[in-house]
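Colleague: Sequence plus the predicted model coming up.
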Amino acid sequence: MSRISRAVSLHPYFKVHAGKLDAAKALLPAFVEKTRNEEKVLYYGFSINGDEVFCREAYVDAQAALDHIGNVGELLGEMLKIADLTRLEIHGPAEQIDTLREPLAHLKPTWFVCDCALER
């Protein structure tokens, strides 16, 4: 199984509290810097639409995603003081999703199991 076919992506959406958008934006570079040295991150970045912040992120496998969450846990705690996690999608192949179900259940994600794909 190739590196890409085992990959999992996380899709968290945050609704920033009124008047806290600048504070939320100020945290984003710290998340990126903290993630920079993770060897198994495929991509990582943020997009903003009004008061909604989206983190676009993918990892080579479920363990790499769990390692990342542990790595940015303190920053995530700071973000959750000024924003609500309104939606979390997790996408990946069944065996990787199954690895994540128990440790991430408390976040109440929506699970998307890859049905078919193309990779180059």
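Modeller: Cool, got the structure.
Colleague: got the phi/psi numbers for residue 100?
Modeller: The phi and psi values for residue 100, taken as degrees, to the nearest 10, are phi -90, psi -20.
Colleague: per-residue confidence at it?
Modeller: Here, the pLDDT recorded for residue 100 equals 98.
Colleague: before we move on, what about the one 10 residues further on?
Modeller: Among the per-residue scores, residue 110 shows a pLDDT of 98.
Colleague: In this structure it contacts residue 86, no?
Modeller: No. With contact defined as Cβ atoms under 8 Å, residue 110 does not reach residue 86; the gap is 11.6 Å. Heads up, the C-betas are built off the backbone N, CA and C, glycines and all.
Colleague: contacting residues for the residue nearest to residue 51 when sequence neighbours are not counted?
Modeller: Closest residue to residue 51 apart from its sequence neighbours, by Cβ to Cβ, 6 or more residues apart in numbering: residue 16 at 4.6 Å. By Cβ atoms under 8 Å, 6 or more residues apart in numbering, the contact set of residue 16 is 24, 51-53, 82-83.
Colleague: swap the cut-off to 7 Å and go again
Modeller: Applying Cβ atoms under 7 Å, 6 or more residues apart in numbering to residue 16 gives the contacts 24, 51, 53, 82-83.
Colleague: If it is in a bridge, with which residues?
Modeller: On the basis of DSSP bridges, residue 16 is bridged to residue 83.
Colleague: re earlier: kindly indicate which of the contacts of residue 16 lies nearest residue 90.
Modeller: Nearest to residue 90 among these is residue 53, at 17.7 Å by Cβ to Cβ.
Colleague: Surely that closest one is in a strand?
Modeller: Yes. Assignment of residue 53 by DSSP: H, G, I helix; E, B strand; the rest coil places it within a strand.
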